[in-house]
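# Structure of the sequence below:
(chains A and B, ligands or ions: 1)
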Amino acid sequence: MNLIERVVAISRRRSPWICRLNAGSCNGCDIEITPLLSPRYDAEQLGVELHGTPKHADIVLISGTLTLRSREAILDIYAQVPNPKAVVALGSCPASGNVFAGSPLVLSESLDSVVPVDVWVPGCPPRPQAILDGIARAARLLEDGATKSQLQNWQGRLS
Amino acid sequence: MNTVWSYLIAFAVWPGLLFAAPLGWLELWFMRKLVARLQGRRGPPFFQPFFDFMKLLGKQTVIPRGVSRGIFLALPLVSVGAVTAALAIVPLPGNPVPSLPGDVVLLLYLMEVPVLCEVLAGYVSRSIYGQVAAMREALLSLAYNLPFLVAIIAMAQEAGSFRMSALQAAPYGIVHLLAGVTFLLALPARMKLNPFSIANAEHEIVADSHIEYSGPPLALFKLSHAVELVLLTELFAVVFIPATPWPLVNLLVYLAAGILVLGGVTLLATATARLRLAQAFRFYWVWGGIASAVTMAATLVR
Ligand code: SF4
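Below is the predicted model:
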């Protein structure tokens, strides 16, 4: 790894820009993201910036129960995020469907079956500091080149 | 030294990219840190703008379907090139470029190019949000350019020449004061800061006109914005701050004045909420217009 690659890798950890994706959430998880930007948790110290468009994001925070209709949207938005990227699943909903599992319009599957998830943040809703920790862990994975999408691309290049 | 070389050095080294980029990042950091401190937060680390830039350089570029590749990639390059060239004309101490007759006109023209690039970037992106941002940017530039251009033209009238060095050396007077105030009036909108952050209203229209940009082209747009901050603050300092005979003292005074202006503009940005386009337009054509008229009148009565 030469110097420039090293600096870029460090920058990936120091500048994780996030974008929210609500895949059918009850809004509980999304509301818990807001305090991250407030004086109390101040995610900007870690270089986190909230962006509205997936084109500017490094880390996608996906919250909520996956529904039959949101599956397409998740795939579409995930594809728009430029590589290298990481996915953080917020709350219990993306993992299992939570209390909504089994409802007629709910895809009772884990988010992992739609897009590769790097960090799971459990809780219903998770605490803000847990979300911040999840972002920091995803940022470290980006630095190490160890997110699932980075590993897949790497294997794709080798084979 | 050969003239071509002096232009190259002015563009690439001082006051061009090699110094302007770190200076721009420093100014960006200063603004972000000041906003954070005013809001009771800790704020970003010192190297944050640099990390943002390097990270974007290492990302993939996604070009939306149906967008012409050439113009999509050329716009950020043109934007950075134009602001850096504009900065290279500003007679900062130690600038190797010789003073040309009429370089004020060239400077004003070059300063419009990044605005034009942003408008085009919004329109070529085929994103509806990008197009709204481009439209707002174009309209807003019609508003803030009235006081901005009048401030510089009044100074040229006062100095009796369209040469940057003549503007810098003009004897200090009341016109400096009036034109300086008129210039400051236009500054927040030129920097796209808060009461006039209409074209980059992140919660209304998602993002600015770079909404479809990603990776290195976005990094170049961010760099262009950073250099533009340096250009605007240093232009203010060079034209409106009285120069001393010592170049080193001048340089320090200019840099300090730049940081001071940024601090004031940032204070205004944190203390205010965003205006609507029509309100901003009215503000610039009424109050900016009055300030411009007073400034022009002052140059004539002498
Ligand atoms: S995990 Fe809980 S808070 Fe979050 S979206 Fe699901 S039900 Fe709502």
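# When you work out contacts or count neighbours from here on, use the C-alpha atoms and nothing else.
Noted.
# contacting residues for the residue in the stretch 101-250 of chain B positioned nearest to chain A?
Scanning the stretch 101-250 of chain B for the residue nearest chain A gives residue B:206, at 5.2 Å (criterion: Cα to the nearest Cα). Applying Cα atoms under 8 Å, 6 or more residues apart in numbering or on different chains to residue B:206 gives the contacts A:51-53, B:129.
# These in strands, which ones?
Under the assignment DSSP state E, the contacts of residue B:206 contribute nothing to strands.
# Could you dump those into CSV and include pLDDT and distance to residue B:10?
Rendered in CSV, the data for these read as follows (pLDDT from 0 to 100; distance: Cα to Cα, whole Å):
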residue, pLDDT, distance to residue B:10
A:51, 89, 36
A:52, 87, 38
A:53, 89, 37
B:129, 89, 37
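# hang on, the earlier thing: assign a three-state SS to the residue of the stretch 101-250 of chain B closest to chain A, would you?
Under the three-state scheme (DSSP: H, G, I helix; E, B strand; the rest coil), residue B:206 adopts coil.
# any idea how far it is from residue B:240?
Here the criterion is Cα to Cα, to the nearest Å. By it, residue B:206 lies 37 Å from residue B:240.
# Same question for residue B:184.
Per Cα to Cα, residue B:184 is found 11 Å from residue B:240.
# neighbour-wise, which of the two wins?
Between residue B:184 and residue B:240, counted using other Cα atoms under 10 Å in any protein chain shown, residue B:240 has the larger neighbour count: 26 against 20.
# which residues touch that one?
Taking Cα under 8 Å, 6+ apart as the definition of contact, the neighbours of residue B:240 are B:168, B:176-177, B:180.
# what does residue B:106 give?
Under the criterion of Cα under 8 Å, 6+ apart, the contact partners of residue B:106 comprise residue B:86.
# Let's have the contacts of residue B:206 in TSV, adding neighbour count and distance to residue B:37.
Compiled in TSV, those are given as follows (neighbours: other Cα atoms under 10 Å in any protein chain shown; distance: Cα to Cα, whole Å):
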residue	neighbour count	distance to residue B:37
A:51	19	21
A:52	18	24
A:53	20	27
B:129	21	31
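# Show me what the host helix or strand of residue B:135 is packed up against.
Counting by DSSP states H and E, the element that carries residue B:135 is helix B:128-159. Contacts of helix B:128-159 with other secondary structure elements, assessed using 3 or more Cα pairs under 8 Å, 6 or more residues apart in numbering or on different chains; DSSP states H and E, are made with helix B:103-124, helix B:164-169, helix B:174-190, helix B:277-283, helix B:289-301.
# what residues does chain A put near chain B?
Taking Cα under 8 Å from any Cα of the partner chain as the contact definition, chain A meets chain B at A:7-12, A:14-15, A:38-40, A:42, A:44-47, A:51-53, A:55-56, A:80, A:82-84.
# change it to 7 Å
Within chain A, the positions lying close to chain B (Cα under 7 Å from any Cα of the partner chain) are A:8, A:11-12, A:14-15, A:39, A:42, A:44-47, A:52-53, A:55-56, A:82-84.
# what's the distance between residue A:108 and chain B?
Computed as Cα to the nearest Cα, to the nearest Å, the residue A:108 to chain B distance reads 31 Å.
# would you say that residue is within a helix?
No. Under the criterion used here (three-state DSSP), residue A:108 is coil, not part of a helix.
# give me the number of residues near it?
Tallying neighbours of residue A:108 according to other Cα under 10 Å, which is how burial is gauged here, yields 21.
# Residue B:70 too?
Around residue B:70 there are 8 other residues, counting by other Cα under 10 Å.
# ok, it - contacts?
By Cα atoms under 7 Å, 6 or more residues apart in numbering or on different chains, the contact set of residue B:70 is empty.
# count of residues packed around the residue nearest to residue A:25 when sequence neighbours are not counted?
Spatial nearest neighbour of residue A:25, chain neighbours left out: residue A:64 (3.4 Å); criterion: Cα to Cα, 6 or more residues apart in numbering or on different chains. A total of 30 residues lie near residue A:64 under the criterion other Cα under 10 Å.
# Just give the nearest non-adjacent residue to residue B:52, would you?
Taking Cα to Cα, 6+ apart, and ignoring the residues beside it in sequence, residue B:52 has residue A:15 as its nearest neighbour in space, at 5.5 Å.
# can you tell me which residues contact that neighbour?
With contact set as Cα under 7 Å, 6+ apart, residue A:15 has these partners: A:47-48, B:51-52, B:55.
# circling back to that earlier point, with distance to residue A:128 as new columns, can the contacts of residue B:206 be given to me in TSV?
As requested, the contacts of residue B:206 are arranged in TSV below (distance: Cα to Cα, whole Å):
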residue	distance to residue A:128
A:51	18
A:52	19
A:53	22
B:129	30
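# and of those residues, the nearest to the ligand?
residue A:52 (19.2 Å; Cα to the nearest ligand atom).
# Give me the below-cutoff pLDDT ranges for chain A.
Judged against pLDDT under 70, the low-scoring parts of chain A cover residues A:1, A:156-159.
# Quick one: the strands in it, in order.
Taking DSSP E as the criterion, chain A carries its strands at A:17-22, A:49-50, A:59-63, A:86-90, A:119-121.
# what about these, which gets the closest to the ligand?
Once Cα to the nearest ligand atom is applied to these, the stretch that comes out nearest is strand A:59-63, at 5.8 Å.
# Close to the ligand: what parts of chain A are there?
By the criterion of Cα under 6 Å from any ligand atom, the positions of chain A lying close to the ligand are A:25-29, A:63-64, A:91-93, A:124-125.
# now what about the helix or strand that contains residue B:260, what contacts it?
Under the criterion of DSSP H and E, residue B:260 resides in helix B:247-271. Defining contact as Cα under 7 Å, 6+ apart, one finds that helix B:247-271 is touched by B:31, B:35, B:93, B:188, B:193-195, B:233-234, B:237-238, B:243-244.
# mind listing what residue B:71 touches?
When contacts are taken as Cα under 7 Å, 6+ apart, residue B:71 is in contact with no other residue.
# mind running it again at 10 Å?
For residue B:71, the contacting residues are B:77-78, B:120-121, B:124, by Cα atoms under 10 Å, 6 or more residues apart in numbering or on different chains.
# Most neighbours among the residues you listed, please name it.
Neighbour counts for the contacts of residue B:71, by other Cα under 10 Å, peak at residue B:121, which reaches 27 neighbours.
# what's the distance between that residue and residue B:235?
When Cα to Cα is the yardstick, residue B:121 and residue B:235 sit 26 Å from each other.
# Likewise for residue A:41?
When Cα to Cα is the yardstick, residue A:41 and residue B:235 sit 38 Å from each other.
# Please apply the same query to residue B:285.
Following Cα to Cα, the distance that separates residue B:285 from residue B:235 is 23 Å.
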